[in-house]
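Enquirer: Sequence plus the predicted model coming up.
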Amino acid sequence: MAEASAPGASVEEIPKTREKLDELTKAASLQYSLKNFSGAADHYADAVEIQAALNGEMAPENAELLFYYGRALYKVAIAKSDVLGNKVVQEEKKKPKSEKKSKEANGEGSSAAPNGSKAEEKAETVASKPYFQLTGDGNWTDSDEEVDDADAEAQGQEEEQDDFSDAYEIFEIARVLYSKRLEAQDTGDNENKGKGKAELTATARAIKEKLADCHGFLVEISLENERFHDAVADARAALALQEELNPFDHENVMEAHYSLSLALEFASNRLPADQAGKEGVQPEEQSIDYELRNEAAKHTDLTIQSLEARIKREEAGLTSDALTAEQKKEKELIIKDKKEILEDMKTRVSCNNVVVMDLS
């Protein structure tokens, strides 16, 4: 096998061959497994360029590699966000994410669970922090250092936003290509099955899982960038796919309801531009969309119902004589984890109900 190219090397210097594409893809996968997301993104970037040259830029078969490239870019952006303290809506988003451990232990989740990321409440940005400079003959070393730190932070935030924007663009392209693949798959299945009801094939299911993941990542990025109405649209699409693919008490359905409730809640804090200033809307109401807020409460309630159904299923499974001691212990841990999350969710919805009742 040829020697691996240095990450980020000029694509013109890299041979555009299937062998090199496979080599870079394996290298990227290895770096991602080692949590070297920046290195993985560099390798994926080169692989994506080669794949586009071999297949054509918008070939449907490019979707998979683009998805993994977008995921690596997203991880890089999240890492920078954590360092800079620019963690958007983390306090809200973190509650159901603690289920990740039990999901992995139980073998649930789609191929690349988008909700594994955690973003937090956005801190005050440099641009919003007024500061002044003193001039004169004195040696203002401390002031200079503060300004340098502010400049460095601002630059880091710009890079972080670039990474989020790049990841968003890549996921959007992957979504389009997966949609093309699904359309072709559905056409082929319908032709093969005639007029009978087409069953979801393994291939179609895998594509829909990836589509749901793409929408999930797009939701996360939109929430990070405070584009809440965009997040709502993708959250609805993700939920529709998860409900088609999984039962109500499945982890992915629960998380999809929760993500939609978050997006709706944040979007409800500001009316869309086309509604602001509408006749009959009072000035104090311009910043609240009551319909979205009530819908957010509904999906929070559905999140709770899904959790309760999951707990009931796991508790019923404890009575099975086929369980080993280790399996029983694992189920007990899952139940304990779910009950803790359920308690958090009930506290959240009870607080929101006070607001919803006032708005009704």
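Expert: Nice, I can see it.

Enquirer: which sections of the chain are below the confidence cut-off?
Expert: Applying pLDDT under 70 to the chain flags residues 1-12, 83-161, 188-198, 270-286, 351-360.

Enquirer: just the helices in it please.
Expert: Using DSSP state H, the helices of the chain run over 18-33, 37-55, 63-84, 90-97, 100-106, 141-193, 202-224, 228-245, 251-267, 290-317, 325-359.

Enquirer: Counting neighbours, what do you get for Gly56?
Expert: If you count neighbours by other CB atoms under 10 Å, Gly56 ends up with 11. Bear in mind the C-beta positions are built from the backbone N, C-alpha and C, glycine included.

Enquirer: So the spatially closest residue to Asp163 that is not a sequence neighbour versus Ser165, what's the distance?
Expert: Of all residues not flanking Asp163 in the chain, Ala77 sits nearest, at 3.6 Å (CB to CB, 6 or more residues apart in numbering). To Ser165, Ala77 is 9 Å away according to CB to CB, to the nearest Å.

Enquirer: do the same with Ala47
Expert: From Ala47 over to Ser165 the distance is 21 Å, taken as CB to CB.

Enquirer: Which of those two has more residues huddled nearby?
Expert: Per other CB under 10 Å, whichever of Ala47 and Ser165 has more neighbours is Ala47, with 26 against 14.

Enquirer: show me the residues around that one that make contact.
Expert: Leu21, Leu24, Thr25, Ala28, Leu65, Tyr69 (CB atoms under 8 Å, 6 or more residues apart in numbering).

Enquirer: Out of the residues you listed, which end up buried?
Expert: Leu21, Leu24, Thr25, Ala28, Leu65, Tyr69 (16 or more other CB atoms under 10 Å).

Enquirer: Distance of Lys208 relative to Glu308?
Expert: Noted for Lys208: a distance of 26 Å to Glu308, by CB to CB.

Enquirer: which of the two has more neighbours?
Expert: Lys208 (20 against 16).

Enquirer: Find the nearest non-adjacent residue to the more buried one, please.
Expert: Closest residue to Lys208 apart from its sequence neighbours, by CB to CB, 6+ apart: Leu241 at 5.5 Å.

Enquirer: That neighbour: neighbouring residues, count only.
Expert: Neighbour count of Leu241, defined by other CB under 10 Å: 22.

Enquirer: How about the contacts made by the closest residue to Thr17 other than its chain neighbours?
Expert: Spatial nearest neighbour of Thr17, excluding adjacent residues (CB to CB, 6+ apart): Ile50 at 7.6 Å. Ile50 sits next to Val11, Ile14, Lys16, Thr17, Lys20, Leu21, Leu24 when contact means CB under 8 Å, 6+ apart.

Enquirer: Filter those down to just the buried residues.
Expert: Among these, the ones that count as buried by 16+ other CB under 10 Å are Val11, Ile14, Lys20, Leu21, Leu24.

Enquirer: Max pairwise distance over those residues: which two?
Expert: Distance extremes for the buried ones among the contacts of Ile50: the farthest pair is Val11 and Leu21 at 11.7 Å, using CB to CB.

Enquirer: follow-up on the earlier one: most tightly packed of the helices of the chain?
Expert: Mean neighbour counts were compared across the helices of the chain using mean count of other CB atoms under 10 Å; the top stretch is helix 251-267, at a mean of 26.

Enquirer: What is that helix packed up against?
Expert: Secondary-structure packing of helix 251-267 (3 or more CB pairs under 8 Å, 6 or more residues apart in numbering; DSSP states H and E): helix 90-97, helix 100-106, helix 202-224, helix 228-245, helix 290-317.

Enquirer: So which other helices or strands are in contact with the third one?
Expert: The reference is to helix 202-224. By 3+ CB pairs under 8 Å, 6+ apart, helix 202-224 packs against helix 63-84, helix 141-193, helix 228-245, helix 251-267.
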